[in-house]
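*Asks:* Everything below, folded, please.
(2 chains)
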Amino acid sequence: MNNEDRCFCELAPLYALDLLDEQDQTWIEQQAAASSDLATELADIQATVGAISYSAEPVPMATDLKDRLFQRLSQPVATELVRDLRPRQAESQRLDRSSPRRRNPKWLQVGGAIAALALIALFVDNYRLRQTTQETQSVIAALQQPDTILYTLRGTEKATNASGSLVVNPTQKTLTVLTQNLPNLPSGQTYRLWAMPKGATKPSFCGQFNSRTNGTTSQLSNSDAVCNGAVSQMLITAESATAPLVPAGDLVMKSVL
Amino acid sequence: MKIESAFNEASLLKRIAQQDQAALAALYDRYARILYAVAFKSLGSAQESEEVVLDVFSQVWRTAANYDLTRSRIDTWLFMIVRSRTLDRLRRLQRATKIALASADAAKSQPHQLSDDPIEDVLLSERRAHVLTAIAQLPEEQRQAIELAYYKGLTQLEIAAQLGLSLGTVKTRIRLGLSKLRIALGTWEPS
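*Replies:* Residues are numbered from 1 along each chain as shown, chains lettered A, B, ... in the order given. I've put the predicted structure just below:
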């Protein structure tokens, strides 16, 4: 379906129920990103869909579930850190049904283990990351997931000293960006993360964040299947925060093998 | 009769982002049962539904700092997460043949667990009643198509196949149904 055939009002309800293919999903997200009215419309539709949950019949629930929740949250993470870093096939997602599932290549499995160890070393050595317990727990929790995808990020000539990692959790549809020595941006500018699948002519927008030179951990949520899958390259550019979701600024970091 | 919420949810989320366990416990007390009910309606398994609830609140604990409440209400966010986790498990269970599912009938025969907060019970009951009233206004065929998508995670093609309809008819029923539902719920704003 090309843009001329698409109608936001017709596709937005289907989007809210996860019934669209990847292309139409991206189109809806782009339309909502470009228009605050459409974004409000989409949020309203999503709230309507969410309200359906209230119609579910109440059923008895274990009385100790809350205790189990806090036990889970207090679990020590040291023994969990590098357990099974080999990425497995991502769980079946509605939008992936029409596209063939890909296994992560060997280089990513080996690179993933090495990057994870480097990531742990980063946590141990970096005083600021040690202090931000929440950020650390978030990343370590992501590393615990068996289908996690790991990228090593390196600065381009625009940010030669920058380094980092990207942890993608396809199940939770979250992307955690860890960066060091990425320059602080002036007010009104932001860093944007893009996914470039093999053979694609343009990258997909995965989220935006701000960075501090002495180290930053940013967690992004994105339901785009491209962003949550293994792609040939991930890119970070510096953009105006209000610019359309098309990469136009300097390329500052990219993933490496 | 409109029941005032016991607490401000935006403030709650802010406290959770600061790793305030009491705030997470309060959010759990408010929403855990409804999230469990949603998961159980799809999965039919107490064990699997419990894991979904744990996953949802674990994710809230980890990502509360990054969530922007201007994007959607907290209940909408929770319901999106629970539906995503539930459908992931549902598809995994459908592929696995050795997972034993608890009896849905056995679960329903037990008395409902009440929360410790009667105000929360009334609030939840009021919301549920409002939504049920709105859903009851939908034509049966629209409600059926929406619930197959929402609770069973079926694709448009699967819904069409199950109901013996064309793809276009399924899309139209879902779109019209959600539009009607949205109008019916339009005057409702949870505290």
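*Asks:* going forward, measure contacts and count neighbours with C-alpha atoms only.
*Replies:* Noted.
*Asks:* Give the next helix or strand downstream of the lowest-mean-pLDDT helix or strand in chain B.
*Replies:* Within chain B, no helix or strand scores below helix B:104-109, which has a mean of 43 by mean pLDDT, DSSP states H and E. Per DSSP states H and E, the first helix or strand lying C-terminal to helix B:104-109 is helix B:118-136.
*Asks:* For the next helix or strand after that following helix, C-alpha coordinates in PDB please.
*Replies:* Counting by DSSP H and E, the next helix or strand C-terminal to helix B:118-136 is helix B:140-152. The C-alpha trace of helix B:140-152 is given here as PDB (Å, rounded to 0.1, in the frame of the first residue of the first chain):
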ATOM      1  CA  GLU B 140     -22.100  -8.400  18.300                       C
ATOM      2  CA  GLU B 141     -20.100  -8.800  15.100                       C
ATOM      3  CA  GLN B 142     -18.000  -5.700  15.800                       C
ATOM      4  CA  ARG B 143     -17.400  -6.800  19.400                       C
ATOM      5  CA  GLN B 144     -16.400 -10.300  18.300                       C
ATOM      6  CA  ALA B 145     -13.800  -9.000  15.800                       C
ATOM      7  CA  ILE B 146     -12.200  -6.700  18.300                       C
ATOM      8  CA  GLU B 147     -12.000  -9.200  21.100                       C
ATOM      9  CA  LEU B 148     -10.500 -11.800  18.800                       C
ATOM     10  CA  ALA B 149      -7.800  -9.300  18.000                       C
ATOM     11  CA  TYR B 150      -7.300  -8.000  21.500                       C
ATOM     12  CA  TYR B 151      -7.500 -11.200  23.600                       C
ATOM     13  CA  LYS B 152      -6.500 -13.900  21.200                       C
END
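*Asks:* contacts for helix B:140-152?
*Replies:* For helix B:140-152, contacts defined as CA atoms under 8 Å, 6 or more residues apart in numbering or on different chains pick out A:17, A:19, B:38, B:41-42, B:83, B:87, B:135, B:154-156, B:159, B:170, B:173-174, B:176-178.
*Asks:* What about those residues, which are in helices?
*Replies:* Among the contacts of helix B:140-152, DSSP state H puts B:38, B:41-42, B:83, B:87, B:135, B:156, B:159, B:170, B:173-174, B:176-178 in helices.
*Asks:* filter these down to the ones close to chain A.
*Replies:* B:38, B:41, B:156, B:174, B:178 (CA under 8 Å from any CA of the partner chain).
*Asks:* Let me see the confidence value for the spatially closest residue to A:Y151 that is not a sequence neighbour.
*Replies:* Nearest residue to A:Y151 in three dimensions, chain neighbours excluded: A:L166, at 5.0 Å (CA to CA, 6 or more residues apart in numbering or on different chains). Looking at A:L166, its pLDDT is 89.
*Asks:* for A:L166, what are its contacts?
*Replies:* With CA under 8 Å, 6+ apart, A:L166 has these contacts: A:150-153, A:175-178.
*Asks:* Over to B:L165?
*Replies:* With CA under 8 Å, 6+ apart, B:L165 has these contacts: B:I159.
*Asks:* and it, that's in a helix?
*Replies:* No. In this structure, B:L165 is coil, not part of a helix, as judged by DSSP: H, G, I helix; E, B strand; the rest coil.
*Asks:* and the residue of chain B most remote from its centre, how far is that from B:R173?
*Replies:* Most distant from the centre of chain B: B:S166, at 28.0 Å, with distances by CA atoms, centre = their mean. With distances taken as CA to CA, to the nearest Å, B:S166 is found 11 Å from B:R173.
*Asks:* Check A:A12 too.
*Replies:* Counting by CA to CA - A:A12 and B:R173 are separated by 14 Å.
*Asks:* that older thread, which one of the ones next to chain A among the ones in helices among the contacts of helix B:140-152 is nearest chain A?
*Replies:* B:V38 (5.5 Å; CA to the nearest CA).
*Asks:* For the closest one, which non-adjacent residue is spatially closest?
*Replies:* Using CA to CA, 6+ apart, the nearest residue to B:V38 is A:A56, at 5.5 Å.
*Asks:* quick one, phi/psi of the one you found?
*Replies:* phi -70, psi 130 (degrees, to the nearest 10).
*Asks:* Likewise for A:K158?
*Replies:* Dihedral angles for A:K158 - degrees, to the nearest 10 - are phi -80, psi -20.
*Asks:* Surely it touches A:K254?
*Replies:* No. Shown here, A:K158 and A:K254 do not form a contact pair, counting by CA atoms under 8 Å, at 11.2 Å.
*Asks:* which one of those two has more residues nearby?
*Replies:* A:K254 (22 against 15; other CA atoms under 10 Å in any protein chain shown).
*Asks:* for chain B, what are the nearby residues on the stretch 1-150 of chain A?
*Replies:* A:10, A:13-14, A:17, A:19, A:43-62, A:65-66, A:68-69, A:73, A:91-94, A:134, A:137-138.
*Asks:* now do 7 Å
*Replies:* Residues of the stretch 1-150 of chain A lying near chain B by CA under 7 Å from any CA of the partner chain: A:10, A:13, A:17, A:19, A:43, A:47-48, A:50-61, A:69, A:73, A:91-93, A:134, A:138.
*Asks:* Narrow those residues to those that are buried.
*Replies:* Buried residues within these, counting neighbours by 16 or more other CA atoms under 10 Å in any protein chain shown: A:13, A:17, A:19, A:43, A:47-48, A:50-56, A:58-61, A:69, A:73, A:92-93, A:134, A:138.
*Asks:* re the thing from before, just the element for the residue nearest to A:Y151, please.
*Replies:* Counting by DSSP H and E, A:L166 is found in strand A:163-169.
*Asks:* still on that earlier bit, partners of the residue nearest to A:Y151 in the sheet?
*Replies:* Note on A:L166: beta-bridge partners A:Y151, A:V177, judged by DSSP bridges.
*Asks:* What's the local residue count around the residue nearest to A:Q180 when sequence neighbours are not counted?
*Replies:* Nearest residue to A:Q180 in three dimensions, chain neighbours excluded: A:G215, at 4.2 Å (CA to CA, 6+ apart). Using other CA under 10 Å, A:G215 is surrounded by 20 other residues.
*Asks:* Show the contacting residues for A:G215.
*Replies:* A:179-181 (CA atoms under 7 Å, 6 or more residues apart in numbering or on different chains).
*Asks:* One more: A:V49?
*Replies:* Here A:V49 is in contact with A:A16 (CA under 7 Å, 6+ apart).
*Asks:* Phi and psi next, for A:A225.
*Replies:* According to degrees, to the nearest 10, A:A225 has phi -60, psi -30.
*Asks:* Okay, now the unreliable bits of chain B?
*Replies:* Applying pLDDT under 70 to chain B flags the ranges B:1-7, B:97-120, B:187-191.
*Asks:* Return the residues of it in contact with chain A.
*Replies:* Residues of chain B lying near chain A (CA under 7 Å from any CA): B:33-34, B:37-38, B:41, B:54, B:58, B:62, B:66, B:71-72, B:76, B:79-80, B:88, B:91, B:107-108, B:110-113, B:127-128, B:131-132, B:149-150, B:155-156, B:175, B:178, B:181-182.
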